[in-house]
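> coordinates only, sequence not included:
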């Protein structure tokens, strides 16, 4: 391949542009700049661009103190002008890839980014897609769009796929030290991304193609979704059998081989696990194959908020109370503990289902001061006067919540996360699991 791009990368003279500076793009842009590459984040959000240029982070895993020296030294900036893509030697696409209302892949953000890029694509440019998509997308959709420029892949420009592996709130693994899977459209493309990412990240895992790299991402999250679906069904079965789900799982986890513990919960949340397996399922439908494990796991996981509400309804009935008119506090609305991310959080479904049944719903979450659900905007309530509520439903557990106080002061607790397991002694009222 062209020695010009490789030499620029080795001398850290290559300019980098990251399209989309959200939960994936901003941490990656920060690492690129830390490694000595002049990096610009391109985003259509004027608020995000202004925040980055002012050295203010809106991502929990990136501190203001991480951004400010890079901004001051001119190694990191942000822009809403797509022309910055034409000045870059390396462009990384980190845009959202949600599902539409019928649970089919929505790749419109990637296509829009590709259109911006096609207009300014130039020789010796490395393009990396990190947004999750179905196997074959980079080769079948993105590549033809870029080659409309008249440039040839592997010769004039280099196209790769490297799945993002961001775990918000993970104190041990961040962008730099998480092993990075990389796949190229051609061997020269793989050489280019290996050179670039090798200067920034600690460990690379090359695979044979962009299709393989796309499949890796989907396998990782399908593995989790299917096993969570299994253990959620185990929780439903255990309840019908009168068994403690967590006791059963913890005992099974003592087996030193052939078992990996997963734990039940009120449903799936976040930008990956509820979404990514359905990209694979959709792709297989186009090949006249039904991904049955994925479809069944999605059915079980999607229904879990309903299961939680049914549990609340039965528990209130046990106290001779109706859900209609009941005062209920939902504790925790982020999709996982100790983060402020509510994307796809099952708490949103639990709240809306309870509201639909006529309940007067409040919530508390130290990470989410306000919340929009349907037509309602709610504010986080303090953990005070818990006896005022007919029920407290723990949807997300947080390390800075005093669950001993919750069980001592509440009339009824529905604990979907087993957060109160070690503090239930001395409970004022009933404490029930999922």
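Arrived safely, thanks for sending. Everything numeric here is computed off the predicted structure, so don't read it as measured data.

> quick one: contacts for residue 410?
386-387, 389, 391-392, 427-429 (CB atoms under 8 Å, 6 or more residues apart in numbering). (C-beta placed from N, C-alpha, C; glycine too.)

> Tell me the confidence at it?
We have a pLDDT of 95 for residue 410.

> and the chain, what are its domains?
Under automatic domain parsing, the residue ranges defining each domain of the chain are 3-208, 299-433.

> Please identify which pair of the contacts of residue 410 lies farthest apart.
389 and 427 (14.5 Å; CB to CB).

> neighbour-wise, which of those two wins?
residue 389 (22 against 18; other CB atoms under 10 Å).

> What distance do you get for the residue of the chain most remote from its centre to residue 326?
Most distant residue from the mean C-alpha position of the chain: residue 320, 39.9 Å away (CA atoms, centre = their mean). As for residue 320, its distance to residue 326 is 12 Å (criterion: CB to CB, to the nearest Å).

> again with residue 95
42 Å.

> Make a PyMOL selection of the buried ones in the contacts of residue 410.
The PyMOL selection below is limited to those of the contacts of residue 410 classed as buried (16 or more other CB atoms under 10 Å):
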select buried, resi 386+389+391+392+427+429
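
> Tell me which strands whichever strand or helix holds residue 181 pairs with, and in which orientation.
For residue 181, the element it lies in under DSSP states H and E is strand 180-184. Here strand 180-184 is paired, per DSSP bridges, with strand 157-161 (antiparallel), strand 204-206 (parallel).

> other SSEs contacting the helix ranked longest in the chain?
In the chain, assigned by DSSP state H, the helix with the most residues is helix 210-241. On a contact count with 3 or more CB pairs under 8 Å, 6 or more residues apart in numbering; DSSP states H and E, helix 210-241 meets strand 157-161, strand 180-184, helix 245-252, helix 276-286, helix 292-318.

> Dump these to TSV, plus mean pLDDT and distance to residue 362.
Putting those into TSV (pLDDT from 0 to 100; distance: least, CB to CB, whole Å) gives the following:
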stretch	mean pLDDT	distance to residue 362
strand 157-161	97	44
strand 180-184	98	42
helix 245-252	96	27
helix 276-286	94	32
helix 292-318	96	14
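
> Deepest-packed of those, please.
Across the helices and strands packed on helix 210-241, averaging neighbours per residue (mean count of other CB atoms under 10 Å) puts strand 157-161 on top, at a mean of 27.

> List the contacts of the most centrally placed residue in the chain.
With distances taken as CA atoms, centre = their mean, the chain has residue 271 as the residue nearest its mean C-alpha position (3.2 Å). Neighbour list for residue 271: 23, 96, 341, 343-344 [criterion: CB under 8 Å, 6+ apart].

> re the thing from before, quick check: what element follows the strand holding residue 181 along the chain?
Using DSSP H and E, the first helix or strand after strand 180-184 is helix 187-198.

> returning to that earlier point: distance to residue 13 added to the strands paired with strand 180-184, as CSV?
Shown next, in CSV, are the strands paired with strand 180-184 (distance: least, CB to CB, whole Å):
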stretch, distance to residue 13
strand 157-161, 17
strand 204-206, 21
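
> so which of those strands comes closest to residue 287?
Per CB to CB, nearest to residue 287 of the strands paired with strand 180-184: strand 157-161, 19.7 Å.

> any idea of the angle that closest one forms with helix 187-198?
With axes from the mean of the first three to the mean of the last three CA atoms, to 10 degrees applied, the angle from strand 157-161 to helix 187-198 works out at 70 degrees.
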